[in-house]
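# A structural model of the following input is requested.
(4 chains)
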Number of protein chains: 2
Amino acid sequence: MNYPVFAVTVDLVVLTVRGDELCVLLVRRGCEPHLGEWALPGGFVLADEDLAAAARRELAEETGLAGPGGHLEQLASYGAPERDPRGRVVTVAYLALLPDLPVPKAGTDAAEAEWRPVGERRLAFDHDRILADGVERARSKLEYTPLATAFCPPEFTIAALRQVYEAVWGETIDPRNFHRKATTAPGFVSPTGDSTGGGPGRPAKLFRRGSATLLNPPILRRGGV
Amino acid sequence: MNYPVFAVTVDLVVLTVRGDELCVLLVRRGCEPHLGEWALPGGFVLADEDLAAAARRELAEETGLAGPGGHLEQLASYGAPERDPRGRVVTVAYLALLPDLPVPKAGTDAAEAEWRPVGERRLAFDHDRILADGVERARSKLEYTPLATAFCPPEFTIAALRQVYEAVWGETIDPRNFHRKATTAPGFVSPTGDSTGGGPGRPAKLFRRGSATLLNPPILRRGGV
DNA sequence: CCAATAGTGTCTCTAAGACAATATAAG
DNA sequence: CTTATATTGTCTTAGAGACACTATTGG
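Residues are numbered from 1 along each chain as shown, chains lettered A, B, ... in the order given. The predicted structure is shown next:
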């Protein structure tokens, strides 16, 4: 059988919440094509490597860690004929959600890596589109799944969880209604028994992620979309 | 730059509703590997072809038509190293929803093609998994989008639309509550003014698909998942 | 005391689900 | 008439959103 030859890459949309902003991990490209431009981290799938394994490997290389509290899922694939000047390249994009981490170190292919607010885009290849798709996926999944906890450290307050929603959705949420919904949705969060202290105001109870994989009832955005 | 070489295919999960069952279009493979086994229709992406274009082409080749009332969207990609004995093959799966069509004709690569109820699976490659993912995507999308109309002809009754939901979800739905929800969700369906006749019972009004891309309020499954 | 943040309770309204009742056809 | 299907209406209850109110800290 005769068929065309492709290269396959994985590209990562790595999102985190820093302060009140949803940020994406970008790298400045250290080689052609698009040398010097900002792009999503990624790289070629190895000869005997599964797609998900390639994504985990790239994530570990770029961020230094894969595990505690994060989330990784396949997003979509992009394969327009002219998307890479080197030839026919199909990329499988993955979406990663991580808690706020120290500034990432540069990987092998990248001159530098940085957290940038999503929206300030002008990325190499078709990465603007991939990023937009990843952000929309994250926004949507916060409604129906407990994935917001992937943005939080192992123990967190309800206010911190709410700030995740506010940053990802870009809208303010009533703290009182949110508190009720987050604590009554079965399996969303479970109390540790400890509390925070230090700042002004009443100390907040700490929670861990619960065991649910789906939020019921969901926590819905205002607009619906 | 040095990198591994892949072949890229598209595979199609083509679903329709026949009677009260959700059915998938399967082909019997006419060449190695897995010769004679049932599989999802699909084929190699051509040298200068976009992924979506390849999916549309395969759909047209297998079903004889792409357009009136159907829906095509990317599902996911699958690239385990051993999934195809010919070598490293990544497949991009697409999900198509079509109205009930006459029996499809065989394509070039396929000895025969048939509608089979989903669930009777034992397919070649990793197509069982791909089919399961496609069915789950369809089930989920019926809740939040007006995609059920993609299974219907251009003009349909509320009862026909309800039977789509019942077939895809495998559960019965109260006709009276469904009628209210379908007709009051803005942009889901719009009346043509005509009615059906012929059978016993009160004639049913005919509807076309509306302009909405999202259902609000959604039409939810009993179980939630 | 006051300011600030956490958490609870109450009200109204939308919509889901159960199901009675009515409408319009064929036989 | 009876049977069958379509369509409307009514009731109860869950949950969303608005927002008053209480709780617990630091200064």
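
# Residue A:99: neighbouring residues, count only.
17 (other C-beta atoms under 10 Å in any protein chain shown). Every residue, glycine included, has its C-beta placed from N, CA and C.

# ok but it is inside a strand, no?
No - counting by DSSP: H, G, I helix; E, B strand; the rest coil, residue A:99 falls outside a strand, being coil.

# List the buried residues for stretch A:157-173?
Using 16 or more other C-beta atoms under 10 Å in any protein chain shown as the test for burial, stretch A:157-173 gives A:157-158, A:160-169, A:173.

# mind exporting it as PDB, just the C-alpha atoms?
Extracted C-alpha coordinates of stretch A:157-173, given in PDB (Å, rounded to 0.1, in the frame of the first residue of the first chain):
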ATOM      1  CA  THR A 157     -10.300  27.200  50.500                       C
ATOM      2  CA  ILE A 158     -13.700  27.700  48.900                       C
ATOM      3  CA  ALA A 159     -12.600  31.200  48.100                       C
ATOM      4  CA  ALA A 160      -9.600  30.000  46.200                       C
ATOM      5  CA  LEU A 161     -11.800  27.600  44.300                       C
ATOM      6  CA  ARG A 162     -14.100  30.500  43.400                       C
ATOM      7  CA  GLN A 163     -11.200  32.600  42.300                       C
ATOM      8  CA  VAL A 164     -10.300  29.800  39.800                       C
ATOM      9  CA  TYR A 165     -13.800  30.000  38.400                       C
ATOM     10  CA  GLU A 166     -13.700  33.700  38.200                       C
ATOM     11  CA  ALA A 167     -10.300  33.700  36.500                       C
ATOM     12  CA  VAL A 168     -11.200  31.100  33.900                       C
ATOM     13  CA  TRP A 169     -14.600  32.500  33.100                       C
ATOM     14  CA  GLY A 170     -13.700  36.100  33.400                       C
ATOM     15  CA  GLU A 171     -16.700  37.000  35.500                       C
ATOM     16  CA  THR A 172     -17.500  37.600  39.100                       C
ATOM     17  CA  ILE A 173     -19.400  35.000  41.100                       C
END
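
# and that stretch with DNA strand D, contact?
No - between stretch A:157-173 and DNA strand D, judged by C-beta under 7 Å from any atom of the strand, nothing touches; the nearest distance is 8.0 Å.

# quick one: which of the buried residues of stretch A:157-173 sit in helices?
A:158, A:160-169 (DSSP state H).

# which other residues reach the longest helix seen in chain A?
The helix that spans the most residues within chain A, counting by DSSP H, is helix A:127-144. Applying C-beta atoms under 8 Å, 6 or more residues apart in numbering or on different chains, the contact partners of helix A:127-144 are A:11, A:13, A:15, A:22, A:24, A:39-40, A:75-76, A:78, A:91, A:93, A:95, A:97, A:118, A:121-123, A:147-148, A:164-165, A:168-169, A:214-215, A:218-221.

# Just give the nearest non-adjacent residue to residue A:16, would you?
The shortest distance from residue A:16 to any non-neighbouring residue, by C-beta to C-beta, 6 or more residues apart in numbering or on different chains, is to residue A:98 (4.9 Å).

# likewise residue A:117?
Using C-beta to C-beta, 6+ apart, the closest residue to residue A:117 is residue A:21 (4.8 Å).

# Same check on residue A:23?
Leaving aside its sequence neighbours, residue A:23 sits nearest to residue A:115 (C-beta to C-beta, 6+ apart; 4.2 Å).

# The helix or strand harbouring that neighbour pairs with which strands?
Element membership for residue A:115, per DSSP states H and E: strand A:110-117. Taking DSSP bridges as the criterion, strand A:110-117 sits next to strand A:21-29 (antiparallel) in its sheet.

# now could you export just the CA positions of the strand ranked longest in chain A as CSV?
Determined from DSSP state E, the single longest strand within chain A is strand A:7-18. C-alpha atoms of strand A:7-18 as CSV (Å, rounded to 0.1, in the frame of the first residue of the first chain):
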residue,chain,number,x,y,z
ALA,A,7,5.4,13.8,11.0
VAL,A,8,3.3,13.8,14.2
THR,A,9,3.8,16.2,17.1
VAL,A,10,2.1,16.9,20.4
ASP,A,11,1.4,20.5,21.4
LEU,A,12,0.4,21.4,25.0
VAL,A,13,-2.1,24.0,26.1
VAL,A,14,-0.9,24.3,29.7
LEU,A,15,-3.2,26.5,31.8
THR,A,16,-2.9,27.8,35.3
VAL,A,17,-4.5,30.5,37.4
ARG,A,18,-2.2,33.2,38.7
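
# can you give me how far that strand is from the chain middle?
8 Å (C-alpha atoms, centre = their mean, to the nearest Å).

# Looks like residue A:95 contacts residue A:59 (just checking).
No - contact between residue A:95 and residue A:59 fails when scored by C-beta atoms under 8 Å: they sit 10.7 Å apart.
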